[in-house]
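Visitor: Sequence and predicted structure, then a few things I'm wondering about:
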Amino acid sequence: MYSVASLGFALLSLLGSTSAAPTAPTDTAALVAQLRVAPTANDRLALLTDEDLVFNFLAATSGVVTGAAGHTVEASSANFPAVVGNGVAMTIGFLGPCAINTPHTHPRATEINFSVNGTLRTGLLTENGARFVVNDLPAGSATVFPVGAIHFEMNTECTPSLFVAAFNDEDPGVDSLAQRYFGLPVDIVGAAMGGLGATQVEGLEAKIPDNVAVGTAECLKRCGITPPAAQPTLQHQPRVSGNAFPPK
């Protein structure tokens with residue numbers, strides 16, 4: 001339906017075609033370990049080259065999450081050591097027409113999300129008892145998602161869109177709700193959903209698409225987009241003995 005290449009081309013059209021070639025890979029984990037024990041900011045800076053302070057979102061080979069309708073690229077302590085000690089991270093979302101960055105939380109960071117072009121529909125649930133918050137963000141607008149809050153972003157337009165999400169933690173984390181919820185023990189999920197059986201739970205989980213996913217039927221119809229027959233489902237929670245499906 002949407003190719004990563006076409007979405008990347010759309011972004012290049014927005015930002016120009018001046019992206020630099022990716023830097024040579026380094027032992028990121030070892031460098032991060034050194035940075036974490038450096039006693040001062042000057043000591044941290046001495047461990048970094050000038051190039052280490054640049055992250056190219058258009059040429060990233062790590063921190064990339066891809067689904068049928070787009071992809072996101074994260075720069076965090078996992079792949080951008082320069083953020084260590086600075087308490088920041090960033091994600092860029094490349095959303096195809098009607099694409100949705102599916103409901104998720106960030107367990108360690110508050111997010112401010114900026115809509116670069118087009119209109120993003122955002123939704124927010126902070127906790128039990130709180131009202132649901134929904135907004136349509138036109139280009140040039142931003143919204144805040146508090147730490148741990150459930151939220152989503154959907155491109156409501158018929159052309160590709162881009163968002164920039166900034167975080168106040170170098171390791172914000174992501175908890176994709178549908179994938180993680182259905183990764184709990186089958187009997188627990190079934191009981192919490194009113195007594196569903198293992199076969200029903202397994203069938204529902206099989207339908208959960210990878211992020212970034214195809215959006216709502218209303219948007220697809222309005223934009224004249226035929227949804228794909230299937231979406232990739234590689235982001236499900238791995239099964240171990242504690243959450244394994246019962247033998248058939």
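Guide: Everything's here; your move. Numbers count the residues shown, from 1 in each chain.
Visitor: Give me the number of neighbouring residues for the residue lying closest to residue 175 once chain neighbours are set aside.
Guide: Of all residues beyond its chain neighbours, the one nearest residue 175 is residue 105 (4.6 Å), with distances taken as Cβ to Cβ, 6 or more residues apart in numbering. Every C-beta, even on glycine, is put in place using the N, C-alpha and C of the backbone. By other Cβ atoms under 10 Å, the residues close to residue 105 number 22.
Visitor: residues contacting residue 105?
Guide: 148-151, 174-175, 177 (Cβ atoms under 8 Å, 6 or more residues apart in numbering).
Visitor: Pretty sure residue 71 sits against residue 232.
Guide: No. Taking contacts as Cβ atoms under 8 Å, residue 71 lies outside contact range of residue 232: 11.5 Å.
Visitor: So the two - more neighbours on which side?
Guide: More crowded of residue 71 and residue 232, by other Cβ under 10 Å: residue 71, with 23 against 13.
Visitor: who touches the helix or strand that the more buried one is a member of?
Guide: Assigned by DSSP states H and E, residue 71 belongs to strand 70-75. Applying Cβ under 8 Å, 6+ apart, the contact partners of strand 70-75 are 2, 4, 7, 55, 57, 60, 63-65, 83, 89-96, 99, 101, 155, 160, 174, 211-212.
Visitor: how about 7 Å then?
Guide: Identification of contacts with strand 70-75 by Cβ atoms under 7 Å, 6 or more residues apart in numbering yields 2, 4, 7, 55, 57, 60, 63-65, 83, 89-96, 99, 101, 212.
Visitor: what's the average pLDDT for whichever helix or strand comes after it?
Guide: Using DSSP H and E, the next helix or strand after strand 70-75 towards the C-terminus is strand 89-95. For strand 89-95, mean pLDDT rounds to 99.
Visitor: Same check on stretch 124-143?
Guide: Rounded mean pLDDT across stretch 124-143 is 98.
Visitor: Tabulate the CA atom coordinates of that stretch in CSV.
Guide: Listed in CSV are the C-alpha atoms of stretch 124-143, where the atom choice follows Å, rounded to 0.1, in the frame of the first residue of the first chain:
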residue,chain,number,x,y,z
LEU,A,124,-4.9,11.1,24.9
LEU,A,125,-5.9,9.2,28.0
THR,A,126,-3.8,9.9,31.1
GLU,A,127,-5.3,7.6,33.8
ASN,A,128,-8.5,6.0,35.2
GLY,A,129,-11.2,8.7,35.7
ALA,A,130,-9.6,11.2,33.3
ARG,A,131,-11.6,12.4,30.3
PHE,A,132,-10.5,11.5,26.8
VAL,A,133,-8.8,14.3,25.0
VAL,A,134,-8.9,14.6,21.2
ASN,A,135,-7.4,17.3,18.9
ASP,A,136,-6.8,17.9,15.2
LEU,A,137,-3.4,19.5,14.9
PRO,A,138,-2.9,21.6,11.8
ALA,A,139,0.6,22.1,10.4
GLY,A,140,2.7,24.1,12.8
SER,A,141,0.8,23.0,15.9
ALA,A,142,2.0,20.9,18.8
THR,A,143,0.5,19.0,21.7
